[in-house]
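# Whatever this is, show me its structure:
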Amino acid sequence: MVKKTSTEANKQDCKGCNITKDQPRGGIIEMGKLWVANQYWGGEGFLGWLALQPREHRMQLEQLTDEEAREMGTAVRDLTGRLSKYWGKKEEWKQDRLERVYVTYFFESVFDNNPTQYHLHIHLIPRTRKMRALISKEGSINCWIIHTISKMNGFPEEYFRYAERVDELMEALRQESS
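Numbers count the residues shown, from 1 in each chain. A predicted model of the protein is given here:
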């Protein structure tokens with residue numbers, strides 16, 4: 001019997017590696033040949049919060065190949081454009097325009113007592129006018145609390161991740177060109 005290396009074992013157990021096979025609710029968006037995106041399903045998420053990840057098992061940005069790094073930039077640009085176009089087309093959101101898409105890489109959970117089973121992923125977090133009101137105080141925006149807004153009183157109900165909304169969003173983003 002051949003013993004697996006820790007890297008092989010981590011790759012086998014990686015939920016991120018399995019996302020393209022498991023097809024999360026809403027499916028994936030192919031972003032070039034090296035990246036995929038899906039609706040983020042973490043507890044703090046909301047409709048339109050996307051996770052962009054490389055197809056190959058990578059745990060840190062510095063592990064990306066030059067081609068993966070270039071394609072990541074293109075994918076971020078394209079997804080941001082697709083989200084903006086989608087928001088602009090939704091009749092019920094015409095009064096709540098998408099103002100910003102935050103792009104971030106937290107990945108602190110690898111340092112938790114029970115480390116994450118996910119590989120590198122980039123968060124694309126939409127922020128609308130209504131959402132801005134929830135994270136603003138005395139004229140200043142505290143973008144660092146964006147992850148808490150889906151639990152705040154006054155969070156817009158139309159941005160909860162109901163199954164049919166996620167399916168509609170993801171299909172529209174797959175069809176949209178930026």
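# going forward, measure contacts and count neighbours with C-alpha atoms only.
Noted.
# for this protein, longest helix please?
The helix of greatest length in the chain, counted in residues with DSSP state H as the criterion, is given as helix 66-89.
# now the angle from the next helix-or-strand element following that helix to helix 66-89?
For helix 66-89, the following helix or strand on the C-terminal side (DSSP states H and E) is strand 98-104. Orientation note: strand 98-104 sits at an angle of 160 degrees relative to helix 66-89 (axes from the mean of the first three to the mean of the last three C-alpha atoms, to 10 degrees).
# how big is the angle separating the next helix or strand after strand 98-104 from helix 66-89?
Moving toward the C-terminus from strand 98-104, the next helix or strand (DSSP H and E) is strand 122-128. Here strand 122-128 runs at an angle of 20 degrees relative to helix 66-89 (the same axes, to 10 degrees).
# Enumerate the positions of strand 122-128 that are buried.
The neighbour-count check on strand 122-128 (16 or more other C-alpha atoms under 10 Å) flags Ile122, His123, Leu124, Ile125, Pro126, Arg127, Thr128 as buried.
# hang on, the earlier thing: from the chain's centroid, how far away is the longest helix of the chain?
Between the centre of helix 66-89 and the centre of its chain there are 11 Å (C-alpha atoms, centre = their mean, to the nearest Å).
# same for it, what does it pack against?
In terms of contacts (3 or more C-alpha pairs under 8 Å, 6 or more residues apart in numbering; DSSP states H and E), helix 66-89 is packed against strand 35-39, strand 98-104, strand 122-128, helix 163-175.
# got these as TSV, with distance to Glu67 and mean pLDDT columns?
As requested, the helices and strands packed on helix 66-89 are exported to TSV (distance: least, C-alpha to C-alpha, whole Å; pLDDT from 0 to 100):
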stretch	distance to Glu67	mean pLDDT
strand 35-39	11	95
strand 98-104	20	94
strand 122-128	16	95
helix 163-175	22	95
